[in-house]
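Participant: Need coordinates for the below:
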Amino acid sequence: MPQKHDLVIIGAGPGGYVAALRAAQLGLDVGCIEKEPALGGTCLRVGCIPSKAMLESSERYDQLRSGLDDHGIRLGRVSIDLEALQARRAKIVETLAKGIAGLLRKNHVTRYMGHARLTAPDSVVVEGPEGTIDVRAERILIATGSVPATLPGIAFDGERIVSSTEALTWAKAPSHLVVIGAGAIGLELGSVWRRLGSKVTIVEYLDRILPGMDMEMANEARRILTRQGLTFQLGCRVTGASRKGRTRVVIEIEGRDPVEGDRLLVAVGRKPNTERLGLEEVGISLDERGRIPVDANYATTTAGIYAIGDVIDGPMLAHKAEEEGIACVEKIVTGHGHVNYDAIPAIVYTHPEIASVGPGEEQLAEQGRAYRKGVFPFAANGRAQALGEIQGRVKILADAETDRVLGVHIIGARAGDLIAEAAVAIEYGASSEDLARAVHAHPTLAETLKEAALAVDERALHI
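Facilitator: Numbering: from 1, shown residues only. Model (predicted):
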């Protein structure tokens, strides 16, 4: 006999499990299928969470070695226990994954372990350790996320030529790590291993780092990261990579000398995870980039089947998937749901952090939209001085006519937390005047946002 539910969700990553929880809150009988033993998807198991754990540990180690002299703190020899660091990372992942399993149980969501394959618009076959299970539902939501992408001429071998998944688990720092891709993943993991002792070379196809981010902030990030010891080779078209002996990798670059290291991390982005889902059996065709087309309600071209997160158009971000999952099930149950795609923040967890929400100056120029700009440096902020974190700046872009905040871009201490205020401002249509008039506690890093908002009108107080 088939198992029956109101809604079946394929994938228990941020989009899938959050959608399951919200659907259960709304009174639906929900089943959630996940092929991995641990819940949480790429983000929790091999992405956002473990990488941030390693970034935090490596940053503290780096600070203990060279960053406390100005505070009057003198230390002797500091060493790193990489095994303990990795054990901490694994423990955090395990704890959070168990927490998600507990949440599903608490909300009476039925969990199925195995690979899901669509066989009809209302039917999914789950192939798992307990055999094959037939699951039926009035509606099916695809939330299978994404997998690492690679380049032509480069194949992952899991040892020397790897994706971010393997780069999280090395027991020893590479002597020379070469990273292809100067986006968030490449910069974050490059920073981790540089702090832990590796020479790091980052190779990027474009003539800049952080594609898609505001150029002023990207250039500032490059200057800071270069001073920290990362080496950048920009404007490089990688044509292939191959093993040289047992321990070396050679990276071929068009028109330039090859680069040789002992590990190669390919961090050129991710692609939708749609293989072996049975989409063709239910009449769903992918677009030119391998994504599932959906309408404003996240409905696919096949009635009763929906999709969210990395498998559809838009930035591949965990919080974007979460909000889409919530909106999708709310639309199904109540007829209403909302995601403001102009207010989705993006964060790079280097040191200092880099965060943005809304368009940058280049994007506004392309749109032909007139804007005013306010910039305020962290160096002029009292809390930043006290922390010894004076690198970076806040930039606010506001509509030239209405003063409505269009974009906010931050490079500096705790930028990932500060950007939340900017996202709320954009969500509710605030003006730079609104931000400038709001009382910000002193001394706090949040005052940099207030001052940048004042600077839009050329009335910043502390510069």
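Participant: Off-centre distance for stretch 420-438?
Facilitator: 23 Å (Cα atoms, centre = their mean, to the nearest Å).
Participant: okay, which residue is most central for the chain?
Facilitator: Nearest to the geometric centre of the chain sits residue 317, at 4.7 Å (Cα atoms, centre = their mean).
Participant: Just to check, that residue is in contact with residue 346?
Facilitator: Yes. Between residue 317 and residue 346 there is a contact under Cβ atoms under 8 Å: 6.5 Å. All C-beta spots, glycine's among them, are computed from the backbone N, C-alpha and C.
Participant: related to what we said a few turns ago, gap between the residue nearest to the centre of the chain and residue 15?
Facilitator: 10 Å (Cβ to Cβ, to the nearest Å).
Participant: One more: residue 166?
Facilitator: Per Cβ to Cβ, residue 166 is found 24 Å from residue 15.
Participant: Looking at these two, which one has more neighbours?
Facilitator: The neighbour count for residue 166 versus residue 15, taken as other Cβ atoms under 10 Å, is higher for residue 15 (33 against 18).
Participant: So the more buried one: helix, strand or coil?
Facilitator: For residue 15, the reduced secondary structure class is helix; criterion used: DSSP: H, G, I helix; E, B strand; the rest coil.
Participant: next one: the one 4 residues further on
Facilitator: Under three-state DSSP, residue 19 falls in the helix class.
Participant: count of neighbours near the spatially closest residue to it that is not a sequence neighbour?
Facilitator: Among residues not flanking residue 19 along the chain, residue 325 sits closest, at 3.0 Å (Cβ to Cβ, 6 or more residues apart in numbering). Other residues within reach of residue 325, judged by other Cβ under 10 Å, total 31.
Participant: secondary structure element for residue 325?
Facilitator: For residue 325, the host element (DSSP states H and E) is helix 318-334.
Participant: who's in contact with that helix?
Facilitator: 7, 13-16, 18-19, 22-23, 26-28, 43, 47-48, 139, 141, 143, 145, 297-298, 306, 308-310, 312, 314, 336-339, 344-345 (Cβ atoms under 8 Å, 6 or more residues apart in numbering).
Participant: Output the contacting helices and strands for whichever helix or strand comes after that helix.
Facilitator: Toward the C-terminus, helix 318-334 is succeeded by strand 346-348 as the next helix or strand (DSSP H and E). Judged by 3 or more Cβ pairs under 8 Å, 6 or more residues apart in numbering; DSSP states H and E, strand 346-348 is in contact with helix 184-195, strand 353-357, helix 415-427.
Participant: Ok, which of those comes nearest residue 112?
Facilitator: helix 184-195 (30.1 Å; Cβ to Cβ).
Participant: what angle do the helix or strand following the closest one and helix 184-195 make?
Facilitator: Using DSSP H and E, the helix or strand that directly follows helix 184-195 along the chain is strand 199-203. Strand 199-203 runs at 160 degrees relative to helix 184-195, counting by axes from the mean of the first three to the mean of the last three Cα atoms, to 10 degrees.
Participant: for the protein, what's the longest helix?
Facilitator: Assignment by DSSP state H gives helix 82-106 as the longest helix of the chain.
Participant: does residue 204 really touch residue 233, like I thought?
Facilitator: Yes. Here residue 204 reaches residue 233: they are 7.2 Å apart, a contact under Cβ under 8 Å.
Participant: mind listing the strands for the stretch 351-463 of the chain?
Facilitator: For the stretch 351-463 of the chain, strands defined by DSSP state E, counting those that start in this stretch occupy the ranges 353-357, 371-377, 393-399, 405-412.
Participant: Packed most tightly, which of those would that be?
Facilitator: strand 405-412 (a mean of 27; mean count of other Cβ atoms under 10 Å).
Participant: what packs against that one?
Facilitator: Using 3+ Cβ pairs under 8 Å, 6+ apart, strand 405-412 sits against helix 215-228, strand 353-357, helix 361-367, strand 393-399, helix 415-427, helix 432-437, helix 447-456.
Participant: Save those as TSV, and put in mean pLDDT and distance to residue 274 too.
Facilitator: Listed next are the helices and strands packed on strand 405-412 as TSV, based on pLDDT from 0 to 100; distance: least, Cβ to Cβ, whole Å:
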stretch	mean pLDDT	distance to residue 274
helix 215-228	98	31
strand 353-357	98	29
helix 361-367	97	29
strand 393-399	98	36
helix 415-427	98	29
helix 432-437	98	41
helix 447-456	98	40
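Participant: follow-up on the earlier one: how close does the residue nearest to residue 19 sit to residue 337?
Facilitator: 10 Å.
Participant: which of the helices and strands packed on strand 346-348 sits most buried?
Facilitator: strand 353-357 (a mean of 26).
Participant: Would you mind listing the outside residues contacting that strand?
Facilitator: 210, 213-214, 217, 221, 343-348, 407-416, 418-419, 422-423, 426.
Participant: ok, now stretch 163-179?
Facilitator: Here stretch 163-179 has contacts from 46-47, 50-51, 54, 82-83, 86, 89, 148, 150, 156, 158-159, 185-186, 189-190, 193-194, 196-203, 249, 251, 259-267, using Cβ under 8 Å, 6+ apart.
Participant: one more time with 7 Å
Facilitator: 46, 50-51, 54, 82-83, 86, 148, 156, 158, 185-186, 189-190, 193, 196-203, 249, 251, 259, 261-267 (Cβ atoms under 7 Å, 6 or more residues apart in numbering).
Participant: Please spell out the ChimeraX selection for the buried subset of those residues.
Facilitator: Typed into ChimeraX, the line below selects the buried ones among the contacts of stretch 163-179, using 16 or more other Cβ atoms under 10 Å:
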select :46,50,51,54,82,86,148,185,186,189,190,193,196,198,199,200,201,202,203,249,251,259,261,262,263,264,265,266,267
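Participant: tell me the contacts of residue 98?
Facilitator: By Cβ under 7 Å, 6+ apart, residue 98 has no neighbours at all.
Participant: typed the wrong thing, it's residue 44
Facilitator: Residue 44 neighbours (Cβ under 7 Å, 6+ apart): 93, 96, 97.
Participant: which SSE is the spatially closest residue to residue 202 that is not a sequence neighbour in?
Facilitator: Once flanking residues are discounted, residue 202 sits nearest to residue 179: 4.6 Å by Cβ to Cβ, 6+ apart. Under the criterion of DSSP H and E, residue 179 resides in strand 176-180.
Participant: What are the buried residues along that strand?
Facilitator: 176, 177, 178, 179, 180.
Participant: How much space separates the fourth one from residue 194?
Facilitator: Computed with Cβ to Cβ, the distance linking residue 179 and residue 194 is 10 Å.
Participant: try residue 87
Facilitator: 22 Å.
Participant: same thing with residue 74?
Facilitator: Residue 74 is 24 Å from residue 194, by Cβ to Cβ.
Participant: In this structure, where is pLDDT below threshold?
Facilitator: Counting by pLDDT under 70, the chain contains no low-confidence segment.
Participant: re earlier: so what sits against both of residue 179 and residue 194?
Facilitator: residue 200.
Participant: in the helix holding residue 325, what's buried?
Facilitator: Buried, per 16+ other Cβ under 10 Å, within helix 318-334: 318-333.
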